[in-house]
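**Q** From the sequence below, what's the structure:
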Amino acid sequence: MDRIPTKFGEFSVWWRNGKLFAIRFPDEPTADWQSDAAPKKRELLVEWLNDYCDGLITEFPKSIAIDYSQYSDFTRRVLESVAAIPYGMVKTYSMIAREIGNPRAARAVGNSIGSNLVPVVIPCHRVVRADGAIGGFTSGVHWKKRLLNLENRIHE
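**A** Here you go, the predicted structure:
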């Protein structure tokens, strides 16, 4: 496990085969996952995460690969769709379901988003309910609100 200090606190990070595997928020308990040594791209993640928390940067660097191997094909498609939501924008679960070709799968989309191990990087905080309510967040609704506030997109 790698630790990255930011103004929000210390994030815990896991790597597998040189790819980003998981991130935990500062107030979350760490997990007992195996992790490789941090790859050469670690410093790029440190810089990005700190710049993101400071509101200075909006896009995740494409040169840092994400390990999708633990996800089903459906969940991978959901997470890739979520990863494409631009900074400061939000989408609904049903919008994501339509984008991946399963318009009636909004609940399944929500379950897949709940399994996202790399929040912030795959910005699941940018997915809200169809009625505009903020919805849930595996890492805690307080984090979702904080990230949406950072991006000036709080809904409630």
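
**Q** Give me the three-state assignment for the closest residue to residue 152 other than its chain neighbours.
**A** Closest residue to residue 152 apart from its sequence neighbours, by CB to CB, 6 or more residues apart in numbering: residue 88 at 6.1 Å. (C-beta placed from N, C-alpha, C; glycine too.) Secondary structure state of residue 88, per DSSP: H, G, I helix; E, B strand; the rest coil, is coil.

**Q** measure residue 88 to residue 126 for me?
**A** Look at residue 88 and residue 126: by CB to CB, to the nearest Å, they are 9 Å apart.

**Q** So these two - more neighbours on which side?
**A** Counted by other CB atoms under 10 Å, residue 88 and residue 126 do not tie: residue 126 has more neighbours, with 20 against 12.

**Q** list the contacts for residue 67?
**A** Contacts for residue 67 (CB atoms under 8 Å, 6 or more residues apart in numbering) come out as 15, 16, 17, 19, 20, 21.

**Q** check contacts around the closest residue to residue 55 other than its chain neighbours.
**A** Distances taken as CB to CB, 6+ apart place residue 150 nearest to residue 55, at 5.8 Å, with adjacent residues excluded. Contact analysis of residue 150 by CB under 8 Å, 6+ apart lists 52, 53, 55.

**Q** Would you reformat those residues as a markdown table and include distance to residue 115?
**A** Listed next are those as a markdown table, based on distance: CB to CB, whole Å:
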| residue | distance to residue 115 |
| --- | --- |
| 52 | 22 |
| 53 | 24 |
| 55 | 28 |
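
**Q** Looking at those residues, spot the one nearest residue 72.
**A** Relative to residue 72, the closest of these is residue 52; by CB to CB it sits at 27.8 Å.

**Q** Just give me the neighbour total for that closest one.
**A** Based on other CB under 10 Å, the number of other residues close to residue 52 is 22.

**Q** Per-residue pLDDT of it, please?
**A** Looking at residue 52, its pLDDT stands at 94.

**Q** go on, the one 3 residues further on?
**A** As predicted, residue 55 sits at a pLDDT of 89.

**Q** Then residue 63?
**A** 89.

**Q** just residue 98 next, same as before
**A** On the pLDDT scale, residue 98 gets 98.

**Q** start the count at 763, not 1, going forward
**A** Let's use 763 as the start, then, which means that last one is residue 860.

**Q** Right, I'll call it a day here.
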